[in-house]
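**Q** build me a model from this:
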Amino acid sequence: MTLHSFNRWTAFGAHLVLSALIAATVIGLVMWLWYPAPYFSAMGGETLLRLLIGVDVAMGPLITLIIFDRKKPRLRQDLAIIAALQVAALAYGSYVMFEARPVYNVFVKDRFETVAANSIDPGSLDKAAPEFQSLPLGGPRVVSANVPKDRNEAATVAMMAAVGGPDVENLPHLYEPYARAAENVAKRSRPLVSLSQKGREQASAINDFLTANGNGARSLGYIPARARNRDFAVIVDRKTGEIVGYVDVNPW
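**A** Next comes the predicted model:
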């Protein structure tokens with residue numbers, strides 16, 4: 001099949017189908033690898049992805065529909081330029097989503113903080129334990145972090161955080177495995193029933209969670225988790241601190 005066998009609408013349709021297939025691949029990469037639930041909505045993945053797919057699926061084929069004319073002497077060059085611009089936009093958008101992906105869910109004091117790759121402090125990353133020097137690629141890793149024991153360092157971190165700089169959760173050299181904090185998480189957890197009493201949305205979500213997981217509400221608690229776009233609840237075992245799952249509702 002040659003280019004001259006297409007008309008304006010068949011060229012538009014072919015471009016749209018190809019763009020949709022590429023978009024489906026990107027969606028799969030984003031939703032199941034970089035932004036697994038509940039982080040997709042919590043970190044604003046929907047907004048970023050809508051912009052990305054809007055450019056890739058809508059704009060490219062629409063421009064093809066507008067400019068396609070078999071009589072044009074430079075039709076191939078025009079289509080090549082459209083394809084190059086579309087690929088560039090897709091690559092840039094994918095890069096932005098990759099850099100903004102959640103890499104750590106950090107327990108600090110009495111809450112979790114969801115940390116994006118581009119908010120990790122590079123200097124702290126160089127000083128971190130080897131297991132925390134490589135940012136996760138397949139969804140965020142759950143860890144804990146403590147305020148520095150050194151008073152001068154603690155004061156510096158507090159001062160930097162007060163002016164918009166990195167806080168404890170953004171400093172990988174303060175990270176430690178989640179298992180070390182699990183007992184404290186269990187103590188800090190709030191009764192799950194108290195979350196279900198905050199409103200209809202929370203009650204419905206908790207009921208669905210319990211039905212799906214088959215766990216008794218009395219043995220479970222929750223810890224609030226803060227994120228860029230929408231906060232959520234981390235469900236934990238109140239005896240061990242083990243994370244049982246997540247509920248995408250306002251935990252406050």
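
**Q** against residue 89, how distant is the residue nearest the centre of the chain?
**A** Centre of the chain computed as the mean C-alpha position; nearest residue by CA atoms, centre = their mean is residue 35, 3.8 Å away. For residue 35, the distance to residue 89 equals 20 Å [CB to CB, to the nearest Å]. No exception for glycine: its C-beta is placed from N, CA and C like everyone else's.

**Q** go on, residue 110?
**A** Residue 110 sits 42 Å away from residue 89, going by CB to CB.

**Q** the two: which is more packed in?
**A** Neighbours per residue, other CB atoms under 10 Å: of residue 110 and residue 89, the larger number sits with residue 89, 16 against 13.

**Q** list the buried residues of the helix or strand that contains that one.
**A** Assigned by DSSP states H and E, residue 89 belongs to helix 75-99. Buried residues in helix 75-99, counted by 16 or more other CB atoms under 10 Å: 75, 78, 79, 82, 86, 89, 90, 93, 94, 97.

**Q** next helix or strand past that helix?
**A** strand 102-108.

**Q** list of residues touching that following strand?
**A** With contact meaning CB atoms under 8 Å, 6 or more residues apart in numbering, strand 102-108 is reached by 34-35, 39, 42-43, 112-117, 120, 135-136, 139-146, 168-169, 172, 175, 178, 181, 184-185, 223, 225, 227, 234.

**Q** for this structure, which segments count as helices?
**A** Using DSSP state H, the helices of the chain run over 8-29, 39-42, 45-53, 60-67, 75-99, 122-127, 151-162, 182-188, 192-196, 200-213.

**Q** mind exporting the first one as CSV, just the C-alpha atoms?
**A** Output of helix 8-29 as CSV, limited to C-alpha atoms (Å, rounded to 0.1, in the frame of the first residue of the first chain):
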residue,chain,number,x,y,z
ARG,A,8,-7.6,12.4,3.7
TRP,A,9,-9.9,10.3,5.9
THR,A,10,-8.1,6.9,5.5
ALA,A,11,-4.8,8.7,6.3
PHE,A,12,-6.4,10.2,9.4
GLY,A,13,-7.8,6.8,10.5
ALA,A,14,-4.5,5.0,10.0
HIS,A,15,-2.7,7.7,12.0
LEU,A,16,-5.3,7.6,14.7
VAL,A,17,-5.1,3.8,15.1
LEU,A,18,-1.3,3.9,15.2
SER,A,19,-1.3,6.7,17.7
ALA,A,20,-3.9,4.9,19.9
LEU,A,21,-1.7,1.7,19.9
ILE,A,22,1.3,3.7,21.0
ALA,A,23,-0.8,5.5,23.6
ALA,A,24,-2.1,2.2,25.0
THR,A,25,1.6,1.1,25.5
VAL,A,26,2.4,4.3,27.3
ILE,A,27,-0.7,4.0,29.5
GLY,A,28,0.2,0.4,30.5
LEU,A,29,3.8,1.6,31.4
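
**Q** who does it touch, helix- and strand-wise?
**A** When contacts are defined as 3 or more CB pairs under 8 Å, 6 or more residues apart in numbering; DSSP states H and E, helix 8-29 sits against helix 45-53, helix 60-67, helix 75-99.
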